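Asker: here is a sequence with its predicted model. Questions after.
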Amino acid sequence: MLGREIRSVSFGEGPVAVLLWSQMHGDESTATMAIADIFRFLAEGEKDGLRERLRKNLTVVFVPMLNPDGAELFQRENAAGIDINRDARRLVTPEARALKELRDKLQPRFGFNLHDQGARTRAGTSGPQAAIALLAPPFNDSRGYNDVRSRARLVAATIAQALGREIPGRIAKYDDSFNPRAFGDLMQQWGTSTVLIESGALPGDPQKQRLRALHVGAILIALDAIATGEYADADEAAYEALPYNTSGASDLLILGGQLVLPKQAPVAADVAINYDDPVARTGGRVRDVGDLQGSIAMDTVNAAGLFLHPQAVLLADGDRGMLLKIGGAAEIDLRRGASQASELVRRVRANGGGREP
Ligand SMILES: [Zn+2]
């Protein structure tokens, strides 16, 4: 929209066309980094089996960073504030039109729609943080399977099988409600077997560099399976059996403790904390205090029998005494007793990750 170039890069001279696009949401850059790694791998020019198979059998067209204006602001939408992934039907944005025109020209048999998802997403309602979510999007409301979607499901199953060995339990299946404005769904309708790959987050991977590497693996494994035709032998159950992506959790829940405010009797109170940056787990703030039993969190600290001592930064000095600030920095000491002098068991810190003492 602002005149920045959107580039496509192609590799191979084979009969099967594959189209990959990343960062149509400007703040979702993991797959763009992964594509840069793949460019380097492909351009190193070494002749090995994998690169030769891809070159001979496929014409792979990459569009890294479909939304360069949004990427400048690191915002989801384009320069007009339009979500390009809700513009596949109307096609008013130049970015969406570019992708559609490229699809129509290339007529790719396979497509990869590459995104990032929120870090507060679990694989299933009680599973670990989802590192990767996959979807073979539906092509209409009935959510049935024709040849096009079935092929996409087999490719997704190929990825699930391969990555399952690296990150067991951390691969989820994205909700498959049909969205008539979204590119994944309409690509499927237009005849391109399309797989959505969402990068989530992994513990101890604040810059998503391990996820970036996993993403490289996922794409190369999928491309190779398409090049050899081996994707057709994948077990679709490897996709169907994935737990659903489940969002809406808090980052950290301190459960079962007694909250101690200066000069007050302790009260039974759970504390929910969210990080400003949930991937790096920095900027923790208290979002909720009270009876939070049964609420969902990415991590839970069992504070049964312990006393929660909010630090000064989390307190406001009022006329009648100290108040706990909702939204304040999550700095809380967990002690054996109500006294400040009692044994310290664990420190929860706004930038401490909150995982271990
Ligand atoms: Zn996205």
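Answerer: Cool, the structure landed. All values reported here derive from a predicted model rather than from experimental measurement. Residues are numbered from 1 along each chain as shown.

Asker: I'd like the distance between the residue lying closest to residue 258 once chain neighbours are set aside and the ion.
Answerer: Spatial nearest neighbour of residue 258, chain neighbours left out: residue 266 (3.9 Å); criterion: CB to CB, 6 or more residues apart in numbering. C-beta: built from backbone N, CA, C; applies to glycine. Note on residue 266: its distance to the ion, by CB to the ion, to the nearest Å, is 44 Å.

Asker: go on, residue 22?
Answerer: Applying CB to the ion, the value for residue 22 to the ion is 10 Å.

Asker: number of nearby residues for that residue?
Answerer: By the criterion of other CB atoms under 10 Å, residue 22 has 28 neighbours.

Asker: returning to what we had before: quick check: the residue nearest to residue 258 touching residue 259?
Answerer: Yes: look at residue 266 against residue 259 with CB atoms under 8 Å: they come within range, at 6.3 Å.

Asker: shared neighbours, these two?
Answerer: residue 307 (CB atoms under 8 Å, 6 or more residues apart in numbering).

Asker: looking at these two, which is more packed in?
Answerer: When residue 266 and residue 259 are compared for neighbours, residue 259 comes out ahead with 22 against 15, by other CB under 10 Å.

Asker: next up, the contacts around the residue nearest to that one when sequence neighbours are not counted.
Answerer: Nearest non-adjacent residue to residue 259, counting by CB to CB, 6+ apart: residue 269, 3.9 Å away. Contacts for residue 269 (CB under 8 Å, 6+ apart) come out as 257, 258, 259, 289, 290, 291, 308.

Asker: which of those residues count as buried?
Answerer: Listed as buried from these are 257, 258, 259, 289, 308; burial here means 16 or more other CB atoms under 10 Å.

Asker: in strands, which of those appear?
Answerer: Judged by DSSP state E, the subset of these located in strands is 258, 259, 289, 308.

Asker: right, and the second one touches residue 271 too?
Answerer: Yes: when contacts are counted by CB under 8 Å, residue 259 is listed as touching residue 271 (7.3 Å).

Asker: shaky segments in this protein?
Answerer: For the chain, the stretches with pLDDT under 70 are 353-357.

Asker: outline the domain layout of it.
Answerer: Following automatic domain parsing, one gets these domains for the chain: 9-247, 250-348.

Asker: tell me which of those domains is the most buried.
Answerer: Among the domains of the chain, domain 9-247 has the highest mean neighbour count (mean count of other CB atoms under 10 Å), at a mean of 19.

Asker: quick one: that domain to chain centroid distance?
Answerer: In this view, domain 9-247 has its centroid 12 Å away from the chain centroid, taken as CA atoms, centre = their mean, to the nearest Å.

Asker: helices or strands next to the helix ranked longest in the chain in the packing?
Answerer: Using DSSP state H, we find that the single longest helix of the chain is helix 209-228. Secondary-structure packing of helix 209-228 (3 or more CB pairs under 8 Å, 6 or more residues apart in numbering; DSSP states H and E): strand 16-22, helix 30-43, helix 49-57, strand 58-63, strand 110-116, strand 132-135, helix 147-164, strand 193-199.

Asker: neighbouring contacts of stretch 222-230?
Answerer: Stretch 222-230 is contacted from outside by 14, 16, 18, 50, 53-54, 56-58, 60, 109-110, 112, 155, 158-159, 195, 231, 234, using CB under 8 Å, 6+ apart.

Asker: let's see it at 7 Å
Answerer: 16, 18, 50, 53-54, 57-58, 60, 110, 155, 158-159, 231 (CB atoms under 7 Å, 6 or more residues apart in numbering).

Asker: and it, C-alpha only, in CSV?
Answerer: Extracted in CSV, the C-alpha atoms of stretch 222-230 (Å, rounded to 0.1, in the frame of the first residue of the first chain):
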residue,chain,number,x,y,z
ALA,A,222,6.8,-31.2,3.9
LEU,A,223,8.4,-30.0,0.6
ASP,A,224,10.4,-33.3,0.4
ALA,A,225,7.3,-35.4,1.1
ILE,A,226,5.6,-33.5,-1.8
ALA,A,227,8.6,-33.9,-4.1
THR,A,228,8.8,-37.6,-3.5
GLY,A,229,5.0,-38.1,-3.3
GLU,A,230,5.5,-39.8,0.1
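
Asker: so residue 94 sits against residue 1, correct?
Answerer: Yes: using CB atoms under 7 Å, residue 94 makes contact with residue 1 at a distance of 5.5 Å.

Asker: how close does the closest residue to residue 243 other than its chain neighbours get to the ion?
Answerer: Closest residue in space to residue 243, ignoring its immediate chain neighbours: residue 124 at 3.2 Å, by CB to CB, 6+ apart. Distance, residue 124 to the ion, using CB to the ion: 21 Å.

Asker: so who does residue 124 touch?
Answerer: Per CB under 7 Å, 6+ apart, neighbours of residue 124: 243, 244, 246.

Asker: cool, residue 292 as well?
Answerer: By CB under 7 Å, 6+ apart, the residues touching residue 292 are 253, 255, 270, 272.

Asker: equivalent analysis for residue 238, please.
Answerer: Counting by CB under 7 Å, 6+ apart, residue 238 touches 157, 160, 161.
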